[in-house]
Each structure stands twice: as C-alpha cells, then as structure tokens.
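> What would the 3D arrangement of this be:
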Amino acid sequence: MNAISAFLMQNIVFVYFFCGLAFFSIGLVVTLESTRASEFRFARALRPLALFGFVHGGHEWFEMFQVFAAHEGAYTSSVPQEVVRVVLLGASFLILLDFGTRLLPDAERWPRANIWQVAVLALFWLSAIAFVYWRFRPPLLDLLIAADVLARYSLGIPGALLAAWALLRERLDFHARGMSAYGQDLLWAALAFFIYGALGQLFTRPSLVFPSQTVNTALFLRTFGLPVQMLRGLAGAALAMTLAHALRAFEQESRLRLARANAARLEAQAAALEAQQHRADEIEALNVQLRATTRELSALVEMSRILTSTLDLGELIGKALYQVVHSVKASCCSMVFLKQPDDSLSLIHEYRRPGMGRLEALPPFEALVGKAISAGRPAGATLDYTVRELTPNDFVDGIVYRSLCAPLHAKGQLFGGLVLTSLDEDVSLGPKELELLNAFAQQIATSIDNLRLYQIVREREAQLAELVRQLVNAQEGERQRIARELHDETGQKLTALGMGLAAVETHLDRDDRTAAAALIGNLREVADHAIAELHNVMANLRPSQLDDLGLAPALRWYVQQFAARHPALNIQLKADRLPERLPSQYETILFRVAQEALTNVIRHAHAANVMVTLSQQGDAVRLEVRDDGVGFDVAAPTPRGRGGWGLVGIRERVAAVPGGQCEIDSRPGQGACIRVGLPATQMK
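Residues are numbered from 1 along each chain as shown. Below you'll find the model as predicted:
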C-alpha cells in the first residue's frame, strides 16, 4: 500500500462524504434544471434521476456515519442500521432503473410498463436474498452484507448500464435539434454511468455471494491503489458536471422557444396588422362600392320619379336623358331613337351637356341603334365608330367603347334604343356604365310603352264617346225615319181607313149595300198596303229571315233589297250555307257589318261593283265585302281618314268577340276590302 492509498484509507470518511456530495449534487442539479419546460423526451425522465441522486447520496452519507463511528471506537453497525442502509441502496438503484426504463423506445406507448419492469427487478433482488438465506443460513448481518452485494449486482449494474444506454440514445435527439455540443456532454455522462456501474458496483464488500469473495473492495485497493468509493465519487462528480452542462440545453431551448415565440408573435402582429389593413382596404372598397351603388339607386329612383311626373312623351324623354347623362360622369350626350312603322329609325330627343355643340355623327348612331335592335342586346361603337354587338368578353379583351346603346323593349317588342356617348378619347364607357344604361333603358321603355297604351286608351275613349254620340244620333234619325214613314204612309192609310169605315157606316144606315161593298173592297186594299209598309219598316229594323232562316238567307234577302233600291250598283253575293246555325249575337254582328259596309259603299266609295262573300274556312266564319270604288288611306290619322265612324263601329263590333279579327285593306284609287273573321270555337 503506497502513501496515497494509506492516506485515503485513513481519511475514508472524507471519501464517503465526497461520494455522497457528488450524488447529492446530481440530484440538486437535475432538480433545478428539470423545472424548465422542455420538448425533450429526456426532460420527462429527470425526476427519477434527481431522486436517485438524493437517495444514493443519502446512502453514501449514512454509510459515512457508520464508518466514522467505527473509527472513533469499537462500534459495530446494528441490524436496523444495516437494514436502513441496504433499503436506501436498493431504493436508489430501483429509482435509477425507473429513470432508464422511462427512456426505453416504447416507454411513451406503454407509460406503466416501466413500473412493472422495476417491480420485477425488485422482486428478483428479494428472491435472490431469500435464496442466499435458504442456501447458507448466515447470520443476519452477513445476510444484509449479501443483500448489499446482490443489490449492486442485480440492480446497480443493470441500472447504471441502462442509464448509460438511455443517455446515448437521447444524444441523438440533441443532435437532431442542432445542439450537438450538449449531446457531447451526454456522451461523457453515459461514460461516467458506465464506469460507475461496470467497475464501481462490481467491486463490493466480501460476502457469501459469488464472486465477491475474490472480486471485492480489497482487490480493487490492491490493484488500483485507491478505495473503490473514490472511483464511485469521481464517477458521481463527473456525472454531476456533465449533466449540469448538458441540462443547459433546456435553457438554450427556452431561449430558442422564446425567440420563436417572439418571432411568431411578431409574425402574428404583422399578420394581424396586414389583416387589419386588408380589412380596412376591404371596408374602404365596400364603402366605395356602397357609395357607387347608392348613387346608382338614387339615379334609378330619380329616374322613376321623372318617368311618372308627366304624360307628355317629349317632356318625359327630355328629363330622362338629362338624368342619364348626369348619372354617368364619363358621358357627354344621350339620345333616344324609336323605330317607325316603315322600320326606319327616328331621333326622338337628345341631350348634351352644357357647352357641347350639336353632334354631327348621326349615321353611326343610327347604325349603332340598328345593331342593338337587330341583335336584341346592347351594342357599342369604338373610338373610330366601328359598331360591334357586345359580348361578355368585350370589356375583358380591352376594347374601348366611345358609345353604348341599350335596346328599348317592352312586352317582347323591340321599338328603339337608348344611346350613351363620350366624345373624349381618354374617357371610355365600361361595364358599370352599360349596366346602369340597361337599367335606365328598361325604365324608359316601360314608360314609353305605358304612354303609348295611355294614348291608345284615350283615343279609344274618344272614339267610344263619338260612337255613343253617333249611336244616339243614329237612334234619333232612325226614330225620325220610322215616325215619318209611319206618318206619311201608314198613318195616312189608317186615317183613310177610318174615314172609309165611317162612310161604310153611313151607307149601311141608308141601306145602300152596293156602295158599302165597294167601299169595303177599297178599304181592304188600303189595309193591305198599310200592312206591307209595316212589314218593310220591321224588316229594316231587323229582318225576320235572320231569326227564322239564318245569316245566309238574311244576307241574300238584304242584298236583293239593296240592289233594288240602288239599281246602278252591280252587287253580287256568294254565300255558302253554314254547317250549322250561329249564335244570334254572331249572326247579328256579321249582318250589321255587311249593312255598314254596303252603306259606306253607297255613301263614300262611288263604286260600280261590289262582291259580298260569306264562307267558313277551317275554324272561322269569314265575311268579305270588296268594292272597286275610290278607296281611302287606312293609315290616315283622323277617324274620317280611316273610313269614318262606320268602320270604327265595325272594328268595335268585331273586337267584342274574343278572337275576332277585322282587317281593312284600301288605298286611294284602288277600292276597299273589309274582311271579318269570327272563331267557330267561340260559337259552339
């Protein structure tokens, strides 16, 4: 034994103190570092490692007091003290095993497996102690020494080697996270655990357990010149230092996590600011869109007010065009074209912003309106006035339009166009302007159509009033004619009949029968003439043939009577017998139409020949009256120009029948033809 060995053995108490302090330092260092939050799997197993350091350090210090007491006097450890020491030793190794099993590959999938593994090893240690007791029956103190040796063999060595292997595996996690320097510390810590377990726990006290009889602390002292407790202490100190440095990785991780959190916070703030700015931009865009929509709605509402403020077509279109131009900033002029009966286009009204001269490019505008009407959709004119039918991709393709036209249509009829134009080449008209123009065009078209209907209604009301007046005059004239005929003809004959009867009475009083008989014969002739005249009057009012025989015989009788009254007129009737009688209302309508048509021929046509045709064609009964007279202009604006009120009455009679058709065809110098058709389906 050299001087160093002798010195250490003399101060073995300090060696135990150093060893206990080293392991206690492990527990203290690990406890302080394990309070940090970490994503390392290694961090979740630090509590058993810290507890191992405290318990194993406590065991070393407990054994130090035993050694110190033995050096001070003849002291021998008691059985309870040895039991406490062995329990502390075994518990520390079991806790070390718990640390190692927590870092096994499947430990996270089976969180309770490590408890069963440690329990199995603890049961194996106790079973080994029981076997030694059963085999050798040693004294209790020798059995406790054997339990110490068995704890180091069965628990200490496996626990230290498992911890070393676990630290080597965790070193890979440190490398993967870019902390290779701290992973190197784990390598040294694993080496320290290996030395502590493979050498420090192999050399134990001499005991009954093989091979402690030979491989024990005495052999280590003779071989290395140091007590084995010194090796254990140095290994513990190396563990404390390397773990202290390795666990600084948690601090580095916290700084990195804090940096990432700050970066994420800054990114989140930047994203929030960007989102806020984006929302502000969206809100501003919505506000702009809302203001534009509000302006458009206000313009449409104002247009609706304008279109209901007057019944004069010129005034209405003028105000509407003013609203159109001042609702579109890019516009300078607007105009309305309407289609005439000959399909030509006529400029009805135009409005220009103040300061503009009169537009000279009317032919391109007419072509633009014609294109819109023929296509049935909006059309546009480019900067060089090339007219194009608008398609959905026109504005996308970058075509610049100087003028736009929206067709005017109502009830499926296209009758004009609303034009909007900009003469400034730098200001073009786009889809927004087209959308608003279409809305204006729809409103204007509806108003124009309503005004036309209103004018037609007013004309019809005027015609109806005139017809009522004519009807009253006709009734009064007819009454006067009937009264005159009854007074001039029938009245005189009845008076003569009365006077003759008085004469007959006188002759009978005188008993002059011959004279009375002669008077009676004369009176019979007078009565027959009166009856015939009454029949003529009634036939003119409504011929009995119409009620008794039907329309065709009544027309034939009337034509014969008409021809007899007007021998200079060559009148012919072609009347097919209808398959069945018509309702009285329809027979009356057709008979009166023929009467009115023939009356107009005598009054206005100055014709030589008239053809009256009655036939059934398909599902309609048709009446045609054709003459070769002077004719007239059907399109003339006055009622007299349309053939007089007689023709108006004809139209009104036919219009009273659902599905009735009336066609009047005439030209000056080419005669006239009146065609009337009544649907047979309405007559059944």
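> where does Ser207 land in three-state SS?
coil (DSSP: H, G, I helix; E, B strand; the rest coil).
> Look at it and report its pLDDT.
For Ser207, the pLDDT comes out at 91.
> for it, what are its contacts?
Listed by CB atoms under 8 Å, 6 or more residues apart in numbering, the contact set of Ser207 reads Asp142, Ile145, Ala146, Asp148, Val149, Gln213. Any C-beta I mention is one placed from the backbone N, CA and C, and that applies to glycine too.
> out of the residues you listed, which are buried?
Neighbour counting by 16 or more other CB atoms under 10 Å classes Ile145, Ala146, Asp148, Val149 among those as buried.
> ok but Gly314 is inside a helix, no?
Yes. Counting by three-state DSSP, Gly314 is found in a helix.
> shouldn't it be in contact with Leu338?
No. If you go by CB atoms under 8 Å, Gly314 and Leu338 don't touch, sitting 11.7 Å apart.
> Now do the strands for the stretch 301-450 of the chain: every range, in order, please.
All strands of the stretch 301-450 of the chain, identified by DSSP state E, counting those that start in this stretch, fall at 333-339, 345-352, 379-382, 387-389, 401-410, 413-421.
> In a markdown table: these, plus mean neighbour count, distance to Thr294 and mean pLDDT.
What follows is these, written out as a markdown table (neighbours: other CB atoms under 10 Å; distance: least, CB to CB, whole Å; pLDDT from 0 to 100):
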| stretch | mean neighbour count | distance to Thr294 | mean pLDDT |
| --- | --- | --- | --- |
| strand 333-339 | 23 | 22 | 84 |
| strand 345-352 | 17 | 24 | 81 |
| strand 379-382 | 22 | 27 | 78 |
| strand 387-389 | 16 | 32 | 77 |
| strand 401-410 | 24 | 22 | 82 |
| strand 413-421 | 23 | 21 | 83 |
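> returning to what we had before: so what's in contact with Gly314 and Leu338 at the same time?
By CB under 8 Å, 6+ apart, Gly314 and Leu338 have these common neighbours: Ile348.
> three-state assignment of Gln572?
What three-state DSSP gives for Gln572 is strand.
> measure it to Leu555 for me?
Using CB to CB, to the nearest Å, Gln572 is found at 12 Å from Leu555.
> what residues are shared contacts of those two?
Residues touching both Gln572 and Leu555 (CB under 8 Å, 6+ apart) are Val612.
> Comparing the two, which residue is more hemmed in?
A count of neighbours by other CB atoms under 10 Å puts Leu555 above the other of Gln572 and Leu555, at 23 against 11.
> pull the longest helix from this protein.
helix 248-307 (DSSP state H).
> helices and strands around that one, which ones?
When contacts are defined as 3 or more CB pairs under 8 Å, 6 or more residues apart in numbering; DSSP states H and E, helix 248-307 packs onto helix 12-33, helix 180-195, helix 313-327, helix 431-485.
> Those helices: lowest mean pLDDT?
The weakest mean pLDDT among the helices and strands packed on helix 248-307 belongs to helix 431-485, with a mean of 73.
> Tabulate the strands of the stretch 301-450 of the chain in CSV, adding columns for distance to Ala527.
Compiled in CSV, the strands of the stretch 301-450 of the chain are given as follows (distance: least, CB to CB, whole Å):
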stretch, distance to Ala527
strand 333-339, 69
strand 345-352, 70
strand 379-382, 83
strand 387-389, 84
strand 401-410, 68
strand 413-421, 66
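> circling back to that earlier point, direction-wise, compare the longest helix of the chain with helix 12-33 and give the angle.
Between helix 248-307 and helix 12-33, the angle comes out at 0 degrees (axes from the mean of the first three to the mean of the last three CA atoms, to 10 degrees).
> Could you tell me the average pLDDT over helix 248-307, please?
Confidence over helix 248-307 (mean pLDDT, whole number) is 78.
> ok, now stretch 60-71?
The pLDDT scores in stretch 60-71 average 83.
> List the buried residues for that stretch?
Across stretch 60-71, burial judged by 16+ other CB under 10 Å covers Glu60, Trp61, Phe62, Glu63, Met64, Gln66, Val67.
> Other residues contacting that stretch?
Here stretch 60-71 makes contact (CB under 8 Å, 6+ apart) with 12-13, 16-17, 19-20, 23-24, 75-77, 81, 84-85, 88, 229, 232.
> neighbours of Val118, just the number please.
With other CB under 10 Å as criterion, Val118 counts 23.
> Same question for Leu231.
Neighbours around Leu231, by other CB under 10 Å: 19.
> what's the answer for Trp188, then?
For Trp188, using other CB under 10 Å, the count is 17.
> ok, Ser334 touching Gln323?
No. Between Ser334 and Gln323 there is no contact under CB under 8 Å: 9.1 Å.
> can you list the domain ranges for the chain.
3-104+119-246, 304-452, 545-684 (automatic domain parsing).
> Comparing those, which yields the minimum mean pLDDT?
Lowest mean pLDDT of the domains of the chain: domain 304-452, a mean of 76.
> Now do the end-to-end distance for it.
17 Å (CA to CA, to the nearest Å).
> could you measure Ala218 against Ser346, distance?
133 Å.
> My error: substitute Thr421 in the last question.
Computed with CB to CB, the distance linking Thr421 and Ser346 is 18 Å.
> so how many other residues sit close to Ile602?
Residues lying near Ile602 (other CB under 10 Å) number 16.
> Now it: closest residue in space, sequence neighbours ignored.
His566 (6.2 Å; CB to CB, 6 or more residues apart in numbering).
> Can you tell me the number of residues neighbouring the one you found?
His566: 14 surrounding residues under other CB under 10 Å.
> Please apply the same query to Ala330.
What Ala330 shows, counting by other CB under 10 Å, is a neighbour count of 16.
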